[in-house]
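A.B. asks: can't give you the sequence, but here's the structure:
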């Protein structure tokens with residue numbers, strides 16, 4: 001199984017690029033190689049092929065803080081193989097992960113986390129990352145390594 005993980009966030013004219021880079025680094029707990037891309041006249045910070053460490057952190061954080069239902073409600077299945085999560089940019093500045101919808105993000109915007117698979121469907125990825133719950137308990141919980149073996 002091959003997953004491609006990328007992040008992208010707009011840089012607004014009132015924002016400091018270095019502070020946004022720091023927010024993204026907070027997500028990874030390390031320095032990340034980011035590039036600036038332009039789309040429709042807006043500059044974005046972008047990085048791809050990020051590595052599995054980020055998913056491990058999100059996988060653990062979702063369970064530790066028990067916000068699986070929130071992740072499921074906010075996740076966007078873009079197409080058969082692509083799952084999008086929008087992360088609250090301002091929360092990341094405080095080293096916290098918060099998932100928002102595209103419409104209800106903070107005034108500072110969000111960081112788009114894109115998870116693409118060659119084999120599994122986006123729905124299968126979501127079921128693994130944030131399974132359905134019943135009375136606050138995961139239905140068919142799976143460990144991180146149980147589902148995917150990464151090279």
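C.D. replies: Sure, I can see it. Because the structure is a prediction, the values reported are computed rather than measured.

A.B. asks: tell me where the protein has strands.
C.D. replies: Listed in chain order, the strands of the chain (DSSP state E) span 3-10, 35-39, 42-48, 76-79, 82-88, 99-100, 110-117, 133-134, 137-138.

A.B. asks: let's have the ones you listed in a markdown table, adding mean neighbour count and mean pLDDT.
C.D. replies: C-beta here means a position set from N, CA and C on the backbone, and glycine is covered the same way. Formatted as a markdown table, the strands of the chain follow (neighbours: other CB atoms under 10 Å; pLDDT from 0 to 100):
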| stretch | mean neighbour count | mean pLDDT |
| --- | --- | --- |
| strand 3-10 | 18 | 90 |
| strand 35-39 | 10 | 94 |
| strand 42-48 | 15 | 91 |
| strand 76-79 | 13 | 94 |
| strand 82-88 | 21 | 93 |
| strand 99-100 | 20 | 90 |
| strand 110-117 | 21 | 91 |
| strand 133-134 | 10 | 88 |
| strand 137-138 | 12 | 83 |
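
A.B. asks: how about CSV for these, with distance to residue 28 added?
C.D. replies: Output for the strands of the chain, formatted as CSV (distance: least, CB to CB, whole Å):
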stretch, distance to residue 28
strand 3-10, 9
strand 35-39, 15
strand 42-48, 9
strand 76-79, 22
strand 82-88, 12
strand 99-100, 17
strand 110-117, 11
strand 133-134, 27
strand 137-138, 26
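
A.B. asks: let me know which of the ones you listed is the nearest to residue 69.
C.D. replies: strand 133-134 (5.8 Å; CB to CB).
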